[in-house]
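Undergrad: Got a predicted structure plus its sequence, pasted below:
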Amino acid sequence: MKTKSKELNRRDFIRITAAGAAAVGVASSMDALGDPAPAAAKMPTRPLGKTGFSTALFSLGGQGLLEIPGHQDEAVAIINRAIDLGVNYCDTSHYYGHGCSEEYYGTVMKTRRNEVFLATKSAQRGYDGAMKELEMSLTRLQTDHLDCWQLHNVRTQQDVDGIFADNGALKAFQKARDEKITRFIGITGHRNPYVLMDSIGRFDFDTILMAINAADPHLPGPGNESSFIQNLLPVAVQKGMGIIGMKVPALGKIFRPDGVTAMEQAMTYTLSHPVSTVIIGIKTIPELEENVRIAQNFKLLSALEMAQIEDLTKPYFADATFFKRQHGY
């Protein structure tokens, strides 16, 4: 059980580091005279680690409507509208919607590829499987290169051992980077922070996509059920990685009438940590526009405000972190 002083130290770490990150975003939403930019201004941005790229605070995930087959027109409209609103980081995966997510993105990328930082993923743990999926992903995305190729959903020590084996997936990722098929290499996961800590200790990944929401601090004990914020996030910050927050609304499970009630609370909480951006799956254009407005108007929460939002999720934290126990991709 944590002591009060240790808890305050954790909150101070998050507050101080986030303040530095947020300052970058605040600067981008000011005009040349230092006056607040108009409401229609672009979203604030933050550096994506050491990549040299600055990403808007809100980024488009490849799930939501984008992973449901048979909705091309609506999905393409969401992607186009997101880019029009200043979204410049687009995330997807070889697996989302059995490939339809990448295909929807590809319909847009064939004409707007140079407007976004494009990231996709492979969960293959061996070299040959990863290279095969990379070829398929590029075809679906209608591009000849990625900005970031990510190892998808690293959950177990077996995953790590496979990835780092002599003929493991990491060799494929490095070859793709050497041949300029991808610019950067990332890793993702929402199950076990210690497995990810092991991975980023073995190799200098450029980015990490991790689960960060207001229910996370309540996760008990070491191992599978422990907190990403308390354990993994400080390590990623120390390494200077580009940090992307996911599972912010936890498929809506973060919301309760007597708990967190609004996306503004959920997004602002995660953005008050030292992350570069958050990715969220979208079902409708109004949802997209709401998230962009929240990012445009973002203000860093105090440690007390963050604690208050965390406390709201305590009675149902297990439901809001269901992905810690979820199998599959």
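TA: Noted; the coordinates are in hand.

Undergrad: which stretches of the stretch 101-250 of the chain form strands?
TA: In the stretch 101-250 of the chain, the strands defined using DSSP state E, counting those that start in this stretch lie at 117-122, 146-151, 182-189, 207-211, 242-246.

Undergrad: what residue ranges in the stretch 101-250 of the chain score low on pLDDT?
TA: 221-225 (pLDDT under 70).

Undergrad: between the strands of the stretch 101-250 of the chain, which gets nearest to residue 131?
TA: strand 117-122 (9.0 Å; CB to CB). From N, CA and C alone the C-beta is placed, and that goes for glycine too.

Undergrad: now for that closest one, which elements pack on it?
TA: Judged by 3 or more CB pairs under 8 Å, 6 or more residues apart in numbering; DSSP states H and E, the packing partners of strand 117-122 are strand 89-91, helix 100-112, helix 127-141, strand 146-151.

Undergrad: Touching, residue 71 and residue 78? I think so.
TA: No. The pair residue 71 / residue 78 is not scored as a contact, 9.3 Å apart, by CB atoms under 8 Å.

Undergrad: neighbour-wise, which of these two wins?
TA: The neighbour count for residue 71 versus residue 78, taken as other CB atoms under 10 Å, is higher for residue 78 (24 against 17).

Undergrad: my read is that one is in a helix, agree?
TA: Yes. Counting by DSSP: H, G, I helix; E, B strand; the rest coil, residue 78 is located in a helix.

Undergrad: mind listing what it touches?
TA: Residue 78 makes contact with 60, 65-66, 282, 284-285, 288, according to CB atoms under 8 Å, 6 or more residues apart in numbering.

Undergrad: at 7 Å what do you get?
TA: By CB atoms under 7 Å, 6 or more residues apart in numbering, the contact list for residue 78 reads 65-66, 282, 285, 288.

Undergrad: Equivalent analysis for residue 290, please.
TA: So residue 290 contacts residue 263 (CB under 7 Å, 6+ apart).

Undergrad: Buried ones in whichever strand or helix holds it, by neighbour count?
TA: Assigned by DSSP states H and E, residue 290 belongs to helix 285-296. The neighbour-count criterion (16 or more other CB atoms under 10 Å) identifies 285, 287-288, 290-296 as the buried residues of helix 285-296.

Undergrad: same thing with stretch 69-88?
TA: Applying 16+ other CB under 10 Å to stretch 69-88 flags 71, 74-79, 81-83, 85-88 as buried.

Undergrad: same check, this time on stretch 154-173
TA: Those would be 154-155, 159-160, 162-164, 168-173, for stretch 154-173 by 16+ other CB under 10 Å.

Undergrad: Do I have it right that residue 285 meets residue 79?
TA: No. In this structure residue 285 lies outside contact range of residue 79 using CB atoms under 7 Å: 10.6 Å.

Undergrad: The closest residue to residue 289 other than its chain neighbours and residue 76, how far apart?
TA: Of all residues not flanking residue 289 in the chain, residue 85 sits nearest, at 7.0 Å (CB to CB, 6 or more residues apart in numbering). Between residue 85 and residue 76 the computed distance is 15 Å (CB to CB, to the nearest Å).

Undergrad: Could you name every residue contacting both of residue 71 and residue 78?
TA: Joint contacts of residue 71 and residue 78 (CB under 7 Å, 6+ apart) are residue 65.

Undergrad: how many neighbours does residue 311 have?
TA: 13.

Undergrad: What helices and strands are in contact with the helix or strand it falls within?
TA: Using DSSP H and E, residue 311 sits within helix 303-313. If you count contacts as 3 or more CB pairs under 7 Å, 6 or more residues apart in numbering; DSSP states H and E, helix 303-313 packs onto helix 263-271.

Undergrad: tell me the angle the helix it packs on makes with strand 242-246.
TA: 150 degrees (axes from the mean of the first three to the mean of the last three CA atoms, to 10 degrees).

Undergrad: in helix 263-271, what's buried?
TA: 263, 265-271.

Undergrad: What's the separation between the residue nearest to residue 159 when sequence neighbours are not counted and residue 169?
TA: In this structure, residue 159 finds its nearest non-sequential neighbour in residue 125, 6.0 Å apart by CB to CB, 6+ apart. For residue 125, the distance to residue 169 under the criterion CB to CB works out to 5 Å.

Undergrad: Spell out which residues are contacts of both of these two.
TA: Joint contacts of residue 125 and residue 169 (CB under 7 Å, 6+ apart) are residue 163.

Undergrad: give me the number of residues near the closest residue to residue 184 other than its chain neighbours?
TA: Distances taken as CB to CB, 6+ apart put residue 206 closest to residue 184, at 3.8 Å, once the chain neighbours are dropped. By the measure other CB under 10 Å, the count of residues near residue 206 is 22.
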